[in-house]
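Novice: no sequence on this one, just coordinates:
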């Protein structure tokens, strides 16, 4: 029964893995795109100017270089500094799919004015008359390296947009609308956009690309998260109910988030659209959008309305996200799964180990070893149960042979044998099941940690967030798993089940790990090697226990087997 449960658990986890890597990245038909009025022709507009906004440098983080444009007051680009964020392939031009020459990570890649992140979206009306055009041409000034101010002056309305940055990956954005004429109504939005090439969205077998984006909205106490399929069904005009705490776009490692500030209540909007280079062609990729929208405000003569937001554009590091706002609210966007409370502690410990050894690959190996040692008491209980079950195997085989044609009598005789010897056939499963949350939390931690992004290990492993380019780790992992199954073959299974566990499971695991990040494959390999060593030593002690050559009792034998403590 125990081995059947083990088989079921393995197949269940395998099925979950298939769903996780394949089911979440399905394709959809291309929806119709929203109609956006084209911007005025360049000949009818003043020349575009751009200003550079740099976030302050710290000893730990390098921050970003943002390019602010006078076209609608938005961002032309936000490039992350530091060697970790230098891409092997430069970001592609969304209009053509051609990659450029700047290899720094760009979190605000755009191609036309209506999709500029943080562009000034205002509806300023008196009755049916619009007083601010959809595409504004601001005048700007560089206040400092960390501050840019833009101004648009109409006949009756003035709009002032300011950008300030006082910490890594963070900018404060303020839009002030001042009425110089008769009463007006004002509505405002503050959007961010993310462009993802289709070739970057579609992963290989069992691989979910880190570029796949999701939209996030925190309103009230609810955190709302949607993937591409759901976002394609939404319109940019659809607001989620309730006051927004923040709105964000993120992928596995990076995030663009807008947090409202001040007293004005804002609401979230999330959507996605497919983009084509020309009609009739396949989509080049998808653009994801998220925005804060403020309710209509009425302004009398001489009155002003100010819209404030704090914007985060950077890696999904819990400490950096926590420092972005006073209430640490953006840390909620880091999705560490159901066992996040365990994963956070593992991530802290992983960083501690890295601070000592200075190599993320070595830190992963040490973390896996430490967890193995910490779980020794649970493993001891499981191995003790296995030893007792193994000792009863001759009697179980005799019952199975004698009562092969009477299933009910065979079950009763088996349970009576267990009762007589005080054995619980499920006692070996519970310690193993108790370990699953820890190992699953570690798996999630390594899969989502931006610390592994472009982090080198040794030899050809230059990026622990990318698959092993030569498949060495997956192939060695498969061989180790096969050895593990041969060392301690499953007991009580029919030949078909035993063969499946011995041959199919190592092949299945190798197939999955071929396209996993090499940091994850390294953890799985180290864990398997430690498991083989532990099983070899445990098997040796179990053989002594069954033959009567061991000392100190069954439980003591098992503890010795797992800890290596040979003291009497």
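Specialist: Yep, that arrived. Given the structure is predicted, the values throughout are model-derived calculations rather than measurements.

Novice: could you chop this structure up by domain?
Specialist: 2-18+342-563, 31-46+122-332 (automatic domain parsing).

Novice: for the stretch 351-500 of the chain, what spans make up the helices?
Specialist: Taking DSSP state H, counting those that start in this stretch as the criterion, the stretch 351-500 of the chain contains helices spanning 360-374, 376-391, 393-402, 407-421, 429-448, 472-487, 495-499.

Novice: could these be laid out in JSON lines, adding mean pLDDT and distance to residue 134?
Specialist: From N, CA and C alone the C-beta is placed, and that goes for glycine too. Shown next, in JSON lines, are the helices of the stretch 351-500 of the chain (pLDDT from 0 to 100; distance: least, CB to CB, whole Å):
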{"stretch": "helix 360-374", "mean pLDDT": "91", "distance to residue 134": "47"}
{"stretch": "helix 376-391", "mean pLDDT": "72", "distance to residue 134": "63"}
{"stretch": "helix 393-402", "mean pLDDT": "81", "distance to residue 134": "79"}
{"stretch": "helix 407-421", "mean pLDDT": "82", "distance to residue 134": "76"}
{"stretch": "helix 429-448", "mean pLDDT": "78", "distance to residue 134": "39"}
{"stretch": "helix 472-487", "mean pLDDT": "83", "distance to residue 134": "52"}
{"stretch": "helix 495-499", "mean pLDDT": "67", "distance to residue 134": "66"}
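
Novice: thinking again about what came up before, between the domains of the chain, which one is closest to residue 106.
Specialist: domain 31-46+122-332 (9.2 Å; CB to CB).

Novice: where does the stretch 451-568 of the chain dip in pLDDT?
Specialist: Within the stretch 451-568 of the chain, the set of residues satisfying pLDDT under 70 comprises 487-498, 541-568.

Novice: thinking again about what came up before, quick one, which of the domains of the chain is nearest to residue 83?
Specialist: The closest of those to residue 83 is domain 2-18+342-563. By CB to CB, the value is 7.6 Å.

Novice: re earlier: let's have the domains of the chain in JSON lines, adding mean neighbour count and distance to residue 52.
Specialist: Below are the domains of the chain laid out as JSON lines (neighbours: other CB atoms under 10 Å; distance: least, CB to CB, whole Å):
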{"stretch": "domain 2-18+342-563", "mean neighbour count": "17", "distance to residue 52": "24"}
{"stretch": "domain 31-46+122-332", "mean neighbour count": "18", "distance to residue 52": "7"}
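
Novice: which helix or strand contains the spatially most central residue of the chain?
Specialist: The chain has residue 252 as the residue nearest its centroid, 3.4 Å off, counting by CA atoms, centre = their mean. Secondary structure from DSSP states H and E places residue 252 outside every helix and strand.

Novice: need the domains of the chain in CSV (columns: distance to residue 88).
Specialist: Formatted as CSV, these follow (distance: least, CB to CB, whole Å):
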stretch, distance to residue 88
domain 2-18+342-563, 8
domain 31-46+122-332, 13
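
Novice: thinking again about what came up before, for residue 301, find the nearest of the helices of the stretch 351-500 of the chain.
Specialist: Among the helices of the stretch 351-500 of the chain, helix 429-448 sits nearest to residue 301 (CB to CB), with 52.7 Å.

Novice: for the chain, identify the residue most remote from the centre.
Specialist: Of all residues in the chain (CA atoms, centre = their mean), residue 402 lies farthest out, 54.7 Å.

Novice: and the gap between that one and residue 419?
Specialist: 18 Å (CB to CB, to the nearest Å).

Novice: before we move on, what about residue 123?
Specialist: Counting by CB to CB, the gap from residue 123 to residue 419 is 78 Å.

Novice: what ranges does the stretch 1-150 of the chain have for its helices?
Specialist: So, for the stretch 1-150 of the chain - with DSSP H, counting those that start in this stretch - the helices run 2-22.

Novice: give me the low-pLDDT residue ranges for it?
Specialist: 1-43, 58-61, 92-97, 110-111.

Novice: rerun that using 80 as the cut-off
Specialist: 1-44, 57-62, 88-102, 109-113 (pLDDT under 80).

Novice: repeat that for the stretch 251-400 of the chain.
Specialist: For the stretch 251-400 of the chain (pLDDT under 80), the answer is 275-282, 284, 376-393.

Novice: all strands of it, in order?
Specialist: In the stretch 251-400 of the chain, the strands defined using DSSP state E, counting those that start in this stretch lie at 254-261, 266-275, 285-299, 304-315.

Novice: of all those, which one is nearest residue 248?
Specialist: strand 254-261 (3.7 Å).

Novice: distance from that closest one to the middle of the chain?
Specialist: 17 Å (CA atoms, centre = their mean, to the nearest Å).

Novice: what residues are up against residue 438?
Specialist: 339, 342, 346, 371, 375 (CB atoms under 8 Å, 6 or more residues apart in numbering).

Novice: what's the most distant pair in those?
Specialist: Between all members of those, the farthest pair (by CB to CB) comes out as 339 and 375, at 14.8 Å.

Novice: check the offset of stretch 173-182 from the chain's centre.
Specialist: The chain centroid and the centroid of stretch 173-182 are separated by 39 Å under CA atoms, centre = their mean.

Novice: pLDDT on that stretch, on average?
Specialist: Averaging pLDDT along stretch 173-182 gives 95.

Novice: what does stretch 215-233 give?
Specialist: 88.

Novice: can you give me the end-to-end distance of it?
Specialist: 13 Å (CA to CA, to the nearest Å).

Novice: what's that stretch in contact with?
Specialist: 24, 26, 28, 31, 201, 212-214, 234, 240-250, 257, 267-268, 270-274, 286, 288-290, 329, 332-333, 335.

Novice: how about a cut-off of 7 Å?
Specialist: Outside stretch 215-233, the residues that touch it by CB atoms under 7 Å, 6 or more residues apart in numbering are 24, 26, 28, 31, 213-214, 240-250, 268, 270-272, 286, 288, 290, 329, 332-333.

Novice: okay, the helices of the stretch 351-500 of the chain in a markdown table with distance to residue 54 next?
Specialist: Formatted as a markdown table, the helices of the stretch 351-500 of the chain follow (distance: least, CB to CB, whole Å):
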| stretch | distance to residue 54 |
| --- | --- |
| helix 360-374 | 28 |
| helix 376-391 | 51 |
| helix 393-402 | 70 |
| helix 407-421 | 70 |
| helix 429-448 | 28 |
| helix 472-487 | 39 |
| helix 495-499 | 62 |
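
Novice: and those: which comes nearest residue 354?
Specialist: helix 360-374 (4.2 Å).

Novice: hang on, the earlier thing: need phi/psi at the residue nearest to the centre of the chain.
Specialist: Torsion angles at residue 252 (phi, psi; degrees, to the nearest 10) stand at phi -60, psi -40.

Novice: contact partners for it?
Specialist: Applying CB under 7 Å, 6+ apart, the residues near residue 252 are 210, 448.

Novice: for residue 333, see how far away it is.
Specialist: Distance from residue 252 to residue 333, by CB to CB: 12 Å.

Novice: can you give me the strands in the stretch 101-250 of the chain?
Specialist: Under DSSP E, counting those that start in this stretch, the stretch 101-250 of the chain gives strands at 121-126, 129-130, 139-144, 147-153, 157-167, 170-179, 184-197, 214-219, 222-226, 244-250.

Novice: closest to residue 323 out of the ones you listed?
Specialist: Short answer: strand 157-167, nearest of the strands of the stretch 101-250 of the chain by CB to CB, at 6.4 Å.

Novice: output the contacting helices and strands for that closest one.
Specialist: Here strand 157-167 touches strand 50-54, strand 147-153, strand 170-179, going by 3 or more CB pairs under 7 Å, 6 or more residues apart in numbering; DSSP states H and E.

Novice: would TSV of these with distance to residue 354 be doable?
Specialist: Shown next, in TSV, are those (distance: least, CB to CB, whole Å):
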stretch	distance to residue 354
strand 50-54	28
strand 147-153	35
strand 170-179	24
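
Novice: compare those and report which one is nearest to residue 353.
Specialist: Using CB to CB, the helices and strands packed on strand 157-167 put strand 170-179 closest to residue 353, at 28.4 Å.
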